[in-house]
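J.: Here is a sequence with its predicted model. Questions after.
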Amino acid sequence: MTPVNELIAAELALPVDPRVSGFAAHIASQYPAAARAVLFYGSCLRLEQLDGQMLDFYLIVSDYRAAYGDSWLVRANQMLPPNVFPFEFEGLVAKVAVLSEADFAALTLPAASAVSVWARFAQPSRLVWTADEAARRHAIDAVRSASITLFSLTVPVLEGADRTDPMAVWRHGFALTYGAELRAERANRSGSVVDSDVSRYQKFGAAVLSELPRRLPSEAE
């Protein structure tokens with residue numbers, strides 16, 4: 001297991017509020033033939049605040065037909081993943097995004113059709129429910145790819161010492177992804193994400209840089 005994999009696996013396994021675990025199990029129970037993993041992420045994770053907030057989950061399923069049967073939702077999720085649904089459980093509310101395992105893997109790679117998945121999972125998340133060990137490993141691999149992708153796409157557009165400064169890469173990478181997604185948050189939102197846990201981003205960034213190819217595509221002739 002690589003240093004990045006080890007860091008990701010340890011972070012994903014950190015404990016959460018029991019209400020989050022219960023909510024995740026409830027989400028998975030609504031897709032008994034398809035649920036593979038549930039990940040918790042976003043501002044509620046960073047701020048450790050649940051009451052009165054909108055929680056954010058990703059439900060990873062084996063495939064869309066197993067999740068939805070013959071519904072039109074199969075085609076919708078295939079054409080423009082993820083599908084997003086509102087959920088309520090024991091006084092908490094959440095948005096739940098649904099991705100297949102195949103799409104989760106593909107959307108955390110540099111060739112992804114959009115930045116939203118890898119941009120989100122380059123940030124902290126928790127793996128709060130899994131169907132089995134294979135599902136856990138698949139989730140770890142996809143989340144690892146998210147950080148590798150952010151760095152592999154950001155480092156080539158930086159210059160000088162910024163290319164080897166993990167914090168510079170994180171800040172610039174998140175600034176680019178927030179701009180690409182046309183988000184409504186304040187202009188310094190991408191910086192505040194990194195500032196919320198400087199030691200985490202420094203440690204993870206150093207590990208990711210050590211795993212990047214020695215010569216990135218923009219440097220090769």
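T.: Thanks, I have the structure now. Here the structure is a predicted model, which is why all the values come from computation and not from measurement.
J.: Which strands or helices does the helix or strand harbouring Gln202 pack on?
T.: In this assignment (DSSP states H and E), Gln202 forms part of helix 198-211. If contacts are counted by 3 or more C-beta pairs under 8 Å, 6 or more residues apart in numbering; DSSP states H and E, helix 198-211 sits against helix 3-12, helix 133-154, helix 166-180. Bear in mind the C-beta positions are built from the backbone N, C-alpha and C, glycine included.
J.: The last one: which residues count as buried?
T.: Looking back up the chat, that one is helix 166-180. 166-178 (16 or more other C-beta atoms under 10 Å).
J.: How about the shortest one?
T.: Within helix 3-12, the residues scored as buried using 16+ other C-beta under 10 Å are 4-5, 7-9, 11-12.
J.: Run through who's touching the helix or strand following it.
T.: Per DSSP H and E, the first helix or strand lying C-terminal to helix 3-12 is helix 18-29. Helix 18-29 is contacted from outside by 35, 38, 40, 50, 55, 57, 59, 87, 89-90, 92, 94, 96, 126, 128-129, 131, using C-beta atoms under 8 Å, 6 or more residues apart in numbering.
J.: What's the mean pLDDT across the helix or strand following helix 18-29?
T.: Scanning forward in sequence from helix 18-29 by DSSP H and E, the next helix or strand is strand 35-41. If you average the pLDDT over strand 35-41, you get 98.
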